[in-house]
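A.B. asks: any chance you could fold what I've pasted below:
(2 chains)
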Amino acid sequence: MRPDWSIFRRWEGLLLILLILIVGYNALSTPGYLTVGNWVNLFQLSIEKIIVALIMTFIIINAEIDLSVASVMGFSACMMGFLFAGGMPMEWAIAGGLLAGFVAGLFNSFWIGIVGLPSLVVTLAGLIGYRGLAYVLLEDRSIGEFPAWFDRLGQQPLIGPFPLALIVFFVLLIFAIIVLQYSGFGRYVYVIGNSKDVARYSGVRVRRTKMILFVVSSTVAALAGILYAARLGAVRGDMALGFELDIITMVLLGGVSIFGGTGTMWGVLLSVLIILNLRNGMGLANFSGHVQTGVIGVLLILSVLVPNLAGTVQAALKRRRARTVEVVAAE
Amino acid sequence: MAETQTKQPILEMQHISKRFDATQALEDVSLTLYPGEVHALIGENGAGKSTLIKIMTGVHRPDTGTILLDGQPTHINNSQEAQTLGIAAIYQEPMIFPDLNVAENIFISHRSRGMVVNWGRLFKDAEAILAQLDVKLDVRMPARGLTLAAQQAVEIGKAISLKVRVLIMDEPTASLSAHEVDQLFRLVNTLRSQGVAILFIGHRMEEVFRIADRITVLRDGKYISSRPKAEVKRDQVIREMVGRDAGDFFAKSEVPRGDLLMSVRGLGKEGAFTDVSFDVYQGEVLGFAGLIGARRTDVGLALFGIEPADTGEITFEGKPVAIKAPDHALKLGIAYVTEDRRGLGLVMPMSITTNISLPTLRRYLSALGLVRRPEEQRTAESFREQLMIRTPSVALDVGKLSGGNQQKVMLSKWLNARPKLLILDEPTRGIDVRAKAEVHHIINDLAAEGLGIILISSDLPEVLAMSDRVLVMREGRQMGIFDRKDATQERVMTAAMGQQEHQEPTGAVQG
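C.D. replies: Next comes the predicted model:
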């Protein structure tokens, strides 16, 4: 007779229910909603943020934060544009953009891993600094006119109905799930996120793990920035401005604790799907973008509140049952 | 005795008992404080001194027993009430706000100062209080940068501002230099002459005998004795502190000593310990005895590479080594089992299996770097059987186990690393009797298998029963190494409290 509340206690369970409701509603009210083409479009609109959310999940589970990702996206794309405008072949310009992201990651991880500063401060400085570098490179120019193959990669399907960015996402997603949930490295990420002291006292190389994460984070951000440039067909200093908050929202809504140590890649995937479908559904129902953002904000608060609340309710029910039993026994 | 009994006692603690879960912290303890008397309270770590103080200051409530203040039964429900009643405590580390000035620190507990601070009056009052103590300090100076002794003077000033009648001093001299101790004792004498009752807790016998009028000994939460200083001798007090029956302790069996495992010479770490030298052999348990603050843990952390030593040499299995990081130490075959299970030992919200495999995770990785979970689980299951970890499943979070079972998980975690040298830091603290006995058996078996073991323990009977040799430390210095047959409780405690054997006594010359 006892209802099983465990699905409500796990935020992932609630997300799944919510997702089914939203998708169900959208599918019923909009014909053609459940087509591949529509879903590709859905993803394509935020694909760069979603890619970066994958690595941000690792960083937040590790009890750190990387606020500089959006600026690194902008900086790397601008570096690519700058090199291309300076006469470099596009392939080399892309490599230059990726290298810029990699170096930014090395710089972040030097301060975090070797000097030992808090990542919040280091990457806040990065948020300002790399954005500044992007403006230094391009000033108020916009660089476009990239080779046609580059624009096509960003805008046209590459394999079947899927454009390159979506394929990159799928590959990275599978890789991220395997590494985070099944590999030794992923295990270290969780342990360090729970207690970096216990990890250190167990012989885990804590700094090394953190440094790897921050280098990968900036490199993935650089890749996302370049994919973004391909989709837009041009680069500017203010590219991807403010994306870091959307990215962090995706991760936290997925049930990853801001204090580290808990959360799964599956939860983040569900949260991404919810955000995409919610925005899309509300857009179709003529709610403005601001309202959509507000609703996502409310969801974010619930993501922290509900699992705790469900736990409290469950405990209260258990107590009441225990009391009832006592009363019955007394009679 | 006669002289004090003519006075009316200020505070009487009568037949106080207090239990925390499995441990009886205090059992029928009585203590009487008279005005103008310095009363020393001494005992080993865990004798119940802190619990008694916490009851006096309202942090804990006694389970049974009465507290009389001026002969009236009183309940002290929280530290605020204790303050109102005139009971104050100062500790080893003064609780000073570094950015406030001296006067503000003195009057920090006074709430009724209105909206605007009357600085003139504040400074004048503070100066008056310090003058009463015969202390010269600029009350306008920020407390930051005051010496420890000056900070303690401020603390005492704070107590006086609250019209203190009973002042508890919990190891106030622990981090003071000899000169600063003199200054502090001058203050204590001033307070005594003003009729304050002082309860002095200290570990240094010399100081206790210098300042106290009366000495009370606690042991294992029980009242042992209380006498005027003139009627007791030092060795008598030490005997009373340690005179515990070691009979119920499991003793390590004799194992023939194996080859030399590790040799440490002149090991030192700035600000922690100096000149520590010892050898550990295979199959040997080397005990580290000492009081809290003896810096034994720091030696352990240096050997494990958490806080590497900055002077001295370590030879491990005949080769000179420099241990710079824990993974370094692990590779050599050195494991350190921390005393702080919760903070440093186990990841509480993760499973038993995850915790056990953590230091050796590399062993459970496939060629692609994925964790081979079935194998990991088999290891956990085998330790569960071997060490009798009581749990429904090894997938359970460690945080849900009892202290003793957590301790066994921690041991499993390190035994799985197959160390050659195992450093155990307080391995039986806070666990029940049964688990304690099991841990002792495990230590014995490990030594029999040829492991070298360093056993850091503040439980003197335990360390004596379990060790082949005992190294005694005091305040970062090595006081001596005793063979099993020479290591009596009295001798070890005497060394731990600051008198080196066969050497000139340090400080004041006394018989």
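
A.B. asks: now for chain B, the helix or strand with the poorest mean pLDDT.
C.D. replies: One helix or strand of chain B scores below all others by mean pLDDT, DSSP states H and E: helix B:2-5, with a mean of 46.

A.B. asks: tell me the buried residues in the next helix or strand after that helix?
C.D. replies: Per DSSP states H and E, helix B:2-5 leads on to strand B:11-20 as the next helix or strand towards the C-terminus. By neighbour count on 16 or more other CB atoms under 10 Å in any protein chain shown, the buried set for strand B:11-20 is B:Leu11, B:Glu12, B:Met13, B:Gln14, B:Ile16, B:Lys18. Every residue, glycine included, has its C-beta placed from N, CA and C.

A.B. asks: ok, stretch B:154-169 next?
C.D. replies: Those would be B:154-162, B:164-169, for stretch B:154-169 by 16+ other CB under 10 Å.

A.B. asks: roughly how far is that stretch from the heart of the chain?
C.D. replies: Centroid displacement of stretch B:154-169 relative to its chain, using CA atoms, centre = their mean, to the nearest Å, is 25 Å.

A.B. asks: got the end-to-end distance for that stretch?
C.D. replies: 14 Å (CA to CA, to the nearest Å).

A.B. asks: where does pLDDT dip in the chain?
C.D. replies: No chain was given, so I picked chain A. Along chain A, segments meeting pLDDT under 70 span A:1-9, A:307-308, A:310-311, A:314, A:318-331.

A.B. asks: look at chain B instead
C.D. replies: In chain B (pLDDT under 70), the answer is B:1-6, B:21-22, B:111-115, B:243-250, B:499-511.

A.B. asks: mind giving me the domain ranges of it?
C.D. replies: B:2-242, B:247-333+B:419-511, B:353-417 (automatic domain parsing).

A.B. asks: could I get those domains as CSV with distance to chain A?
C.D. replies: Formatted as CSV, the domains of chain B follow (distance: least, CB to the nearest CB, whole Å):
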stretch, distance to chain A
domain B:2-242, 22
domain B:247-333+B:419-511, 4
domain B:353-417, 5
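
A.B. asks: as CSV, these with distance to A:Val215 would be great.
C.D. replies: Listed next are those as CSV, based on distance: least, CB to CB, whole Å:
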stretch, distance to A:Val215
domain B:2-242, 39
domain B:247-333+B:419-511, 20
domain B:353-417, 18
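
A.B. asks: and B:Phe200, which helix or strand is it part of?
C.D. replies: Going by DSSP H and E, B:Phe200 is in strand B:197-201.

A.B. asks: which neighbouring elements make contact with that strand?
C.D. replies: Judged by 3 or more CB pairs under 8 Å, 6 or more residues apart in numbering or on different chains; DSSP states H and E, the packing partners of strand B:197-201 are strand B:23-33, strand B:38-42, helix B:49-56, strand B:166-170, helix B:178-193.

A.B. asks: which of these sits closest to B:Ile389?
C.D. replies: strand B:23-33 (21.8 Å; CB to CB).

A.B. asks: what is the closest one packed up against?
C.D. replies: Against strand B:23-33 (3+ CB pairs under 8 Å, 6+ apart) you get strand B:11-20, strand B:38-42, helix B:49-56, strand B:197-201, strand B:222-228.

A.B. asks: measure B:Lys7 to B:Gly48 for me?
C.D. replies: 26 Å (CB to CB, to the nearest Å).
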